[in-house]
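**Q** after the sequence you'll find the predicted model.
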Protein chains: 2
Amino acid sequence: MERQIYLEDIPLDDAWAAFRAALDAAGLWQPLAAETVPLSEANGRVTAAAVWARLSSPHYHAAAMDGYAVRAGETVGATDGVPLEFALIEEQGSGGAGEQGSTLSPLLPRSPAPLLSATPVNTGHPLPPWANAVIMIEHVQPVTLPDGRAGIAIRAAVPPWQHVRAMGEDMVATELVLPANHRLRPVDLGALAGSGHATVSAYRRPRVAIIPTGSELVAVEAGAPEPGHIIEYNSLVLAAQVENWGGLPTRWPIVPDDLAAIRAAVLAAAADHDLILLNAGSSAGSEDYTAPVVQSLGRLLVHGVAVRPGHPVVLGMVEEMTNDELRMTNEEKKQGDEPSSFVIRHSSFVIPLIGVPGYPVSAALTGEIFVEPLLARWQGQPPHRPATLEGALTRKIVSHTGDDDYVRVVVGRVGDHVTVTPISRGAGIITSLVRADGIVRVPRFSEGHDAGASVTVHLYRDPRAIEQAIVAIGSHDLTLDLLAQFLAERHNGLRLISANVGSLGGLIALRRGEAHLGGAHLLDPATGEYNLSYIRRYLPGEEVAVVSLVGREQGWIVAPGNPLGLRDWADAARPDIRLVNRQRGAGTRVLLDYELGKLGIDPAAVRGYEREEYTHLAVAAAVASGAADAGLGIRAAARALNLDFAPLAHETYELVIPRAHYESERLQPLLALLHDSAFRAAVAAMPGYDVGGMGDVRLLTNH
Amino acid sequence: MERQIYLEDIPLDDAWAAFRAALDAAGLWQPLAAETVPLSEANGRVTAAAVWARLSSPHYHAAAMDGYAVRAGETVGATDGVPLEFALIEEQGSGGAGEQGSTLSPLLPRSPAPLLSATPVNTGHPLPPWANAVIMIEHVQPVTLPDGRAGIAIRAAVPPWQHVRAMGEDMVATELVLPANHRLRPVDLGALAGSGHATVSAYRRPRVAIIPTGSELVAVEAGAPEPGHIIEYNSLVLAAQVENWGGLPTRWPIVPDDLAAIRAAVLAAAADHDLILLNAGSSAGSEDYTAPVVQSLGRLLVHGVAVRPGHPVVLGMVEEMTNDELRMTNEEKKQGDEPSSFVIRHSSFVIPLIGVPGYPVSAALTGEIFVEPLLARWQGQPPHRPATLEGALTRKIVSHTGDDDYVRVVVGRVGDHVTVTPISRGAGIITSLVRADGIVRVPRFSEGHDAGASVTVHLYRDPRAIEQAIVAIGSHDLTLDLLAQFLAERHNGLRLISANVGSLGGLIALRRGEAHLGGAHLLDPATGEYNLSYIRRYLPGEEVAVVSLVGREQGWIVAPGNPLGLRDWADAARPDIRLVNRQRGAGTRVLLDYELGKLGIDPAAVRGYEREEYTHLAVAAAVASGAADAGLGIRAAARALNLDFAPLAHETYELVIPRAHYESERLQPLLALLHDSAFRAAVAAMPGYDVGGMGDVRLLTNH
């Protein structure tokens, strides 16, 4: 049954064409069956058929004001000076709160009401059939008529149909209320009810089974994992996606890498789901069972799609089960903890299966590329088309010509231009999707885009959320995380986007107009002064504010107990010590180079000098994992990972802000936080930080 | 306890200020308390606190490929010609699917692995602590070493950290994963789980009680209502709104207009809800109990807001109940059919109450104006800001200077310009919200806008849905409803927007570039010919396609059995017959005038000539309700309301389409439907219609 299966990446369009053809052939490329849904549960559902009004609304001529029903023609001639007097008569069914037994028919013969009669009505009451207008209670006066009957005095003529809601004014019976394929909104439910419907015919919601497989997986509830174990969360992401796209997800327990177990899970899921997502094992390794399982239970359509991230996608059909096989599976399932009954399908059925790759970015994008359009189709909807925005790339994108490439990007509007910055392309970096404002699609046969090129971003966020974000590009400091957090909390989600490219990279980004501010701590080897000489060099002619953020210690981040006994700059050159370094342009790197230069140490003599990390925390992580013995960084990073710290220097970390941004409304909440006592206390609580000078400003105008 | 209460409309801003001040004073103008939510239920919830990574991700150095872990430095010098041979060693915890007991610590001392060793690893496995690179399985060959041990031959050097996912590559422990006040998306759940969280702290969802009151109300499930009875659906709309805004709605059964009963319902709701929406009874009529109830149970803050539709809004606080009073109410409630237990609150509490007006448009807008911002605030979110679009008004808007006016509009893009057409302003017309593409807000102190003025529309729809709609302005025919329905069904929600302004109004709209097409059936009294002479007059120099839609009968729509025996045009002048007419510019009105003229009948002699309706169905509704004896219209409208019909004429209803639109891609699906057999059959099934000429085209080029 298991033959050798090779992964062969085919173009995305071809993969979809093959999938769609198979769905079509099975009658599955169309909306699911309709079901009757009570209106109280119909919000967000999609109409499976047009809805025509069963009743008119209003379904009778209704008074639109509290007052008196009259014949408009009889009021002609009434004036303040010569009021007309009308006799009050009670009309059956015309008044009285709480009256439940009204029997007025809309086709009553004309009433024999005497001339100059009026009947009291409240808002919503039916008009007597002889009347054609309502006069407001405020506009009449009670009188006693000459014959002793009660009456009212009217002092102005009223036009016909004044203050009357005519029958059918809103909807007329038989009119189209809503078309098919319409996603129901709150007001639609009102129109349906008002036109006489208590239920609506809506497409059934797609049921999607999500089966995580992998012997290395552990559930998120299981607590801290061992090395080699991976917290299973793709099923959480896929289930939430399915939910957002109108489907009903079922998350399966983790199935180990075992062909029979995976087969059994797929068969069980096939019994009562419309779609199966089998997560991981979709590649062609020795433990990748998705393709063999699909081949054994149906038809393998596609194994590998030329899209990055995400290429080891499997598309197939689970089909043509015999009743025997299915019953057996259901027996197995019944022995488990699933108590409910099962739908036993025909001996011949077809259920699409998507083998979702294991890397989290690949998994989420596979959801967007393959699952969303299918769920949309099953609910009579077009596939989701994200909003788009044009912007200029801040960095080159190099793309594999054979693939459709989905590049996650951060988008910022700084001054007049929209900047698009690609973020990590690793398929394992879920935070690249969390941080992404959108995706740039680099189509097959393109080699990518140059820096500065205009690209289209398919947005994950409301374009207006992008308009409002503050873009920080430069050196990283943990204080920026705290700033982002306080901004979001105090200012309803105001976002501080930070890209960590080092202090120098930040100044270059500011020169290009790509950021509102940049964090910097660049020591001038000539003067021992921080930042100013660099600003003069990289931002000539620019007026900038240099705002002190925080004072902090730099030193060796080392293993607990500092087993190798590092204590000064010269330790960098010890042959028994493997260092981890920061990238070129980082202030910390500049500091290290400055101190090595003072000591006359050749970088080539420093072990690990070439291993570069982009943040203090990444340096600490390298030390914590044993991959390096030491790295230069801030005390808080050492403390974060329970490492030790040998202090070497104190420095001030500053924010460099072009004057136009410094004075802009957008930055005021951030600047105000620097003087906020709660924020200062939170920063001061981090080890190695002092907030003495926080918020001090130097304005550089004439350089 | 009940004193006289007057409705006094105060400005919207003042109303909000008073409400907000009271909420603030009660500590309620802030997010609700946090609760711990499992990630599997956290999709769409809002973080109540920043989340910092508990684990790094990966939490160990992981192989990123199936292959062999090596020391990169030892591969230097390996070439195709001179491969290097490495001995295979098994590392504890480094391999093997399903291995559960791995105990590798990230801080293991460096391993004593011998030189030139390699260890097999699969993707995701931890790297042995001595290794720093992975070489892919495809790039080595198995060999037997000279000493007989198993080994591999390597034919190219690998750089350090090749195919390794470094610990912390995605997230480093202690890093900010998500800020507070962040609405969780599917990928966020992945990042939370990956950083070691199984739960998240999220704001509690606001619980909102919705209490419909009114003795005239009947539940939608109760079947066809009597005249004077109103189907209660505001609670459906409000509940769905609350749901969409993140709240948990509770719909109360209908409470009759009875002060004690409403009071009891409010008290019961106050026991376990955060907000009470009391629907209707918010005005100042004799049966309007909302304000008295609020006054008796707490504080009335606002009674009447100067906003249209919606002005009789009540804002108040239910507060300071004694335990005795509350217990009594709970006793009352227990005698009802509510079985569950109650939260007995402190003797002092405050629950905001919004008295929602009864007219459905007012109710829905009150939800948007008052409920949405409050629920957003309670969930740490900014209020919803709809997308906006600028467009030119096609009709004048006259506004009451004292009020903020919310005018529902239809928006269309026709050629280069965006047209904004106000629709019915009646607060009772729920379909005005169903059909609306958005709202134009006319602020207090403005008298409105002239036709042609540029206005800002606050959109209900994705701006792109508006780009795609087909705009039909002109005469109404039921076939247009069917066209809209078939278009939506066949073309994934493609919308046909139609505004019924009569045939002439349609030609004028076409001349102004406000519509893609207009339905017309205008008889030229001079020639007896349809449409052409009008098109020449109203669209001079324009190239248009005149497309035959349908042939249909015009005649008298009369009560069942035709009790007054109408049969010819002359009956219009009978003194015993009250007519209902169509508006000026309607083709049907032109036809009537033409025939009256031929007979020499003065319109002044026709009873009801001045009562105008805008559609055939509205004419039929007037007859069905007994308000008129007859009206000129099409047979299908009579049939729709079970009326009788006396045929008088046969006419062709045509679509007038400027050539540019006729040839545009947007209109092709509509034009194709005219030749679709299912569509033709559906039209032909309507009484009085023939589809013989459907789709026939006359192109008028030189007039």
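**A** Received, thanks. Residues are numbered from 1 along each chain as shown, chains lettered A, B, ... in the order given.
**Q** which SS class is residue A:228?
**A** Under the three-state scheme (DSSP: H, G, I helix; E, B strand; the rest coil), the conformation of residue A:228 reads as coil.
**Q** what number of residues lie near it?
**A** 27 (other Cβ atoms under 10 Å in any protein chain shown). Any C-beta I mention is one placed from the backbone N, CA and C, and that applies to glycine too.
**Q** quick check on the residue of the stretch 251-400 of chain A found nearest chain B: phi, psi?
**A** Proximity to chain B, evaluated over the stretch 251-400 of chain A using Cβ to the nearest Cβ, is greatest for residue A:382 at 4.1 Å. With angles defined as degrees, to the nearest 10, residue A:382 shows backbone torsions of phi -70, psi 160.
**Q** how near is the nearest residue to it once chain neighbours are set aside to residue B:471?
**A** Across the structure, with Cβ to Cβ, 6 or more residues apart in numbering or on different chains as the measure, the residue nearest residue A:382 apart from its sequence neighbours is residue B:492 (4.1 Å). Note on residue B:492: its distance to residue B:471, by Cβ to Cβ, to the nearest Å, is 19 Å.
**Q** for those two, indicate the residue with more neighbours.
**A** A count of neighbours by other Cβ under 10 Å puts residue B:471 above the other of residue B:492 and residue B:471, at 25 against 15.
**Q** wait, that one touches residue B:411, no?
**A** No - with contact defined as Cβ atoms under 8 Å, residue B:471 and residue B:411 do not form a contacting pair (9.1 Å).
**Q** mutual contacts of those two, please.
**A** When contacts are counted by Cβ atoms under 8 Å, 6 or more residues apart in numbering or on different chains, the set common to residue B:471 and residue B:411 consists of residue B:419.
**Q** shaky segments in chain A?
**A** A:1-6, A:91-112, A:320-348, A:493, A:702-703 (pLDDT under 70).
**Q** which residues are in contact with the closest residue to residue A:73 other than its chain neighbours?
**A** Taking Cβ to Cβ, 6+ apart, and ignoring the residues beside it in sequence, residue A:73 has residue A:160 as its nearest neighbour in space, at 7.4 Å. Residue A:160 makes contacts with A:72, A:73, A:132, A:133, B:611, as judged by Cβ under 8 Å, 6+ apart.
**Q** outline the domain layout of chain A.
**A** According to automatic domain parsing, chain A is divided into the following domains: A:12-31+A:206-378, A:34-57+A:170-203, A:62-89+A:116-165, A:388-467, A:496-700.
**Q** so is the shortest one next to chain B?
**A** Yes - Domain A:34-57+A:170-203 lies in contact with chain B when judged by Cβ under 8 Å from any Cβ of the partner chain; the contacting residues are A:38-40, A:43-44, A:50, A:55-57, A:170-182, A:185-191, A:193-194, A:196-198.
**Q** among those residues, the buried ones, what's the ChimeraX command?
**A** In ChimeraX, the members of the residues of domain A:34-57+A:170-203 next to chain B classed as buried (16 or more other Cβ atoms under 10 Å in any protein chain shown) are selected with the following command:
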select /A:39,40,43,50,55,56,57,170,171,172,173,174,175,176,177,178,179,180,181,182,185,186,187,188,189,190,191,193,194,196,197,198
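**Q** mind checking the end-to-end distance for stretch A:178-194?
**A** Stretch A:178-194 stretches 12 Å from its first residue to its last (Cα to Cα, to the nearest Å).
**Q** whoops, stretch A:222-233 was the one
**A** 12 Å.
**Q** swap in stretch A:364-380?
**A** Stretch A:364-380 has an end-to-end distance of 23 Å (criterion: Cα to Cα).
**Q** off-centre distance for it?
**A** The gap between where stretch A:364-380 is centred and where its chain is centred comes out at 15 Å by Cα atoms, centre = their mean, to the nearest Å.
**Q** so it, near chain B or not?
**A** Yes - with Cβ under 8 Å from any Cβ as the threshold, stretch A:364-380 lies in contact with chain B, specifically through A:364, A:367, A:380.
**Q** hmm, residue A:397 is touching residue A:446, no?
**A** No - with contacts counted by Cβ under 8 Å, residue A:397 stays clear of residue A:446, the gap being 9.2 Å.
**Q** what about these two, which has more around it?
**A** For the pair residue A:397 and residue A:446, the greater number of neighbours falls to residue A:397 (21 against 15), based on other Cβ under 10 Å.
**Q** and that one, backbone torsions?
**A** phi -110, psi 120.
**Q** partner residues bridging it?
**A** The partner list for residue A:397 in beta bridges (DSSP bridges) reads residue A:449.
**Q** that one: what's it in contact with?
**A** Going by Cβ under 8 Å, 6+ apart, the list of residues near residue A:397 reads A:405, A:407, A:422, A:440, A:442, A:448, A:449, A:455.
**Q** run the last query once more with 6 Å
**A** For residue A:397, the residues meeting the contact criterion (Cβ atoms under 6 Å, 6 or more residues apart in numbering or on different chains) are A:407, A:422, A:448, A:449.
**Q** by neighbours, which of the residues you listed wins?
**A** The most crowded member of the contacts of residue A:397 is residue A:407, carrying 25 neighbours; neighbours defined as other Cβ under 10 Å.
**Q** not counting sequence-adjacent ones, nearest residue to that one?
**A** The shortest distance from residue A:407 to any residue other than its chain neighbours is 4.6 Å, reached at residue A:440 (Cβ to Cβ, 6+ apart).
**Q** and the one you found, that's in a strand?
**A** Yes - counting by three-state DSSP, residue A:440 is part of a strand.
**Q** let's see stretch A:73-84 as CSV, backbone CA atoms only.
**A** Listed next in CSV are the C-alpha coordinates belonging to stretch A:73-84 (Å, rounded to 0.1, in the frame of the first residue of the first chain):
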residue,chain,number,x,y,z
GLY,A,73,-60.6,66.5,4.2
GLU,A,74,-62.8,67.4,7.1
THR,A,75,-60.1,69.5,8.7
VAL,A,76,-59.9,71.9,5.8
GLY,A,77,-60.9,75.4,7.0
ALA,A,78,-59.9,74.9,10.6
THR,A,79,-57.8,77.9,11.9
ASP,A,80,-56.7,79.3,15.2
GLY,A,81,-59.6,81.8,15.0
VAL,A,82,-62.2,79.4,13.8
PRO,A,83,-61.5,75.9,15.3
LEU,A,84,-63.5,72.9,14.1
